[in-house]
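>>> Give me a model of this one.
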Amino acid sequence: MLNLIWLKSLITLIEQQSFQAAANALGIAQPTITQHIQKLEEMLSVPLIQRGRTGCQPTESALRLLPYAESMLRLHDRALAAVQKPNVKVGASSNIGIYLLQPCLQDYFSHQPTALKNLDLVIEANPNIVEKLENAEIDIALTEWWSPKAGFESLEWKTESLVMIVPVGHPLAKLKTISKSMLAGLELIGGESGSGTGRLLKQYLQGFKQMPTITMQLGSTEAVKQAVRAGLGISLVFASAVVDEVKHGSLCAIPLEGDALKKSIQLVWRQDPFITNKRPDFVEYLLHSKN
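Now for the predicted structure:
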């Protein structure tokens, strides 16, 4: 079994690039760091550190191990916190965390001021949030897609409409709605990867030979909005993500015909094996405040 103390020494050594500097950072003797690395290398049967004139550099094997080592140490800290100071850690995909969840948090904290110290929020890409939930790095997740898994409960929190955003003055800005056939032939700027929009489009446009073409893939809805505003293309985003831009006239948002494209926002939490028929307090709050 991998030793967390050895892994911490490896991570610190990679950061400091020197055995002595790593020892100083951890408050231990330099030979102890050397021993930890040697034991890890013996256990894994691969070299982890290359020594050179410019300092210590991680091998390819060490770089492959690094994200797992960091995750194991984070989980260690979470396990201690769960026993000593049980904070609730909530994770949300970027679109949900930025555009949908903030007003709920403001209301939640206004009614429960003490909860402000006991609830942490993590906002990352949807796949990262799912992974953190599965790895027990967060307790509750709000995701744009979720595949049911043993040990977890999930419910729909709310649905969110997708709209087409175009620059002011764009030919499509004159339309009241975008039809299914028109959508199938458009070129779109892609936003955050792993958000499930591609799956939704394939399902919606099932039967069409043509699918929208993705011209570029940007990392966030904020980046997409700036690109559309700059005239680089058009895109599909949450309606709630462009409320201010539409209000101030910097972007045009066109609904899909019949408000046809909606995302189901999933609220997911880990089941407590010792407590049945009781949901976490924050889950109960979100379910009662979803409208």
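
>>> burial count for C56?
19 (other C-beta atoms under 10 Å). Placement of C-beta: from N, CA and C, glycine included.

>>> Let the chain start at 12 from now.
All set: I'll call the first residue 12, so the last point we hit is now C67.

>>> so what's it scoring on pLDDT?
On pLDDT, C67 comes in at 90.

>>> Would you check that it makes contact with Q61?
Yes - with contacts counted by C-beta atoms under 8 Å, C67 reaches Q61, the gap being 7.1 Å.

>>> And L77, how far from L173?
Applying C-beta to C-beta, to the nearest Å, the value for L77 to L173 is 37 Å.

>>> for the record, mean pLDDT for the longest strand belonging to the chain?
Among the elements of the chain assigned as strand by DSSP state E, the one spanning the most residues is strand 163-178. The predicted model assigns strand 163-178 a mean pLDDT of 95.

>>> contact partners of the helix or strand following that strand?
Later in the chain than strand 163-178, the nearest helix or strand by DSSP states H and E is helix 191-195. Contacts with helix 191-195, where a contact means C-beta atoms under 8 Å, 6 or more residues apart in numbering, come from 175, 212, 215-216, 219, 221-223, 267-268, 271.

>>> again, only this time at 7 Å
216, 219, 221-223, 267-268, 271 (C-beta atoms under 7 Å, 6 or more residues apart in numbering).

>>> Would you indicate which residues of that helix are buried?
By neighbour count on 16 or more other C-beta atoms under 10 Å, the buried set for helix 191-195 is 194-195.

>>> Repeat that for stretch 145-153.
148-153.

>>> Redo those as JSON lines? Include pLDDT and distance to D292.
Shown next, in JSON lines, are the buried residues of stretch 145-153 (pLDDT from 0 to 100; distance: C-beta to C-beta, whole Å):
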{"residue": "E148", "pLDDT": "85", "distance to D292": "20"}
{"residue": "I149", "pLDDT": "90", "distance to D292": "16"}
{"residue": "D150", "pLDDT": "90", "distance to D292": "11"}
{"residue": "I151", "pLDDT": "95", "distance to D292": "10"}
{"residue": "A152", "pLDDT": "96", "distance to D292": "16"}
{"residue": "L153", "pLDDT": "96", "distance to D292": "15"}
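
>>> Mind checking which of those residues land in strands?
Using DSSP E, the buried residues of stretch 145-153 in strands are 151-153.

>>> Looking at those residues, which is nearest Q117?
L153 (15.7 Å; C-beta to C-beta).

>>> tell me which residues in stretch 167-176 are buried?
168-169, 171, 173-176.

>>> In CSV: the residues you listed, plus distance to S158.
Formatted as CSV, these follow (distance: C-beta to C-beta, whole Å):
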residue, distance to S158
W168, 17
K169, 19
E171, 19
L173, 21
V174, 26
M175, 28
I176, 29
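
>>> ok, back up a step: between which two of the buried residues of stretch 145-153 is the distance greatest?
Maximum pairwise distance in the buried residues of stretch 145-153, criterion C-beta to C-beta, is 14.9 Å, between E148 and L153.

>>> Quick check: can you name the pairing partners of the helix or strand hosting D131 and their directions?
In the assignment (DSSP H and E), D131 maps to strand 130-135. Note on strand 130-135: by DSSP bridges, its sheet partners are strand 99-104 (parallel).

>>> could you give me the average pLDDT of the partner strand?
For strand 99-104, the per-residue pLDDT averages 92.

>>> what does that strand contact?
112, 129-137, 140, 143-144, 149-155, 206, 291, 293.

>>> can you rerun that using 8 Å?
With C-beta under 8 Å, 6+ apart, strand 99-104 has contacts from 89, 112, 129-137, 140, 143-144, 148-155, 203, 206, 291-293.

>>> I would like a ChimeraX command selecting only the buried ones among the residues you listed, please.
Per 16+ other C-beta under 10 Å, the buried members of these correspond to this ChimeraX selection:
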select :89,112,130,134,135,136,137,140,143,144,148,149,150,151,152,153,154,155,203,206,291,293
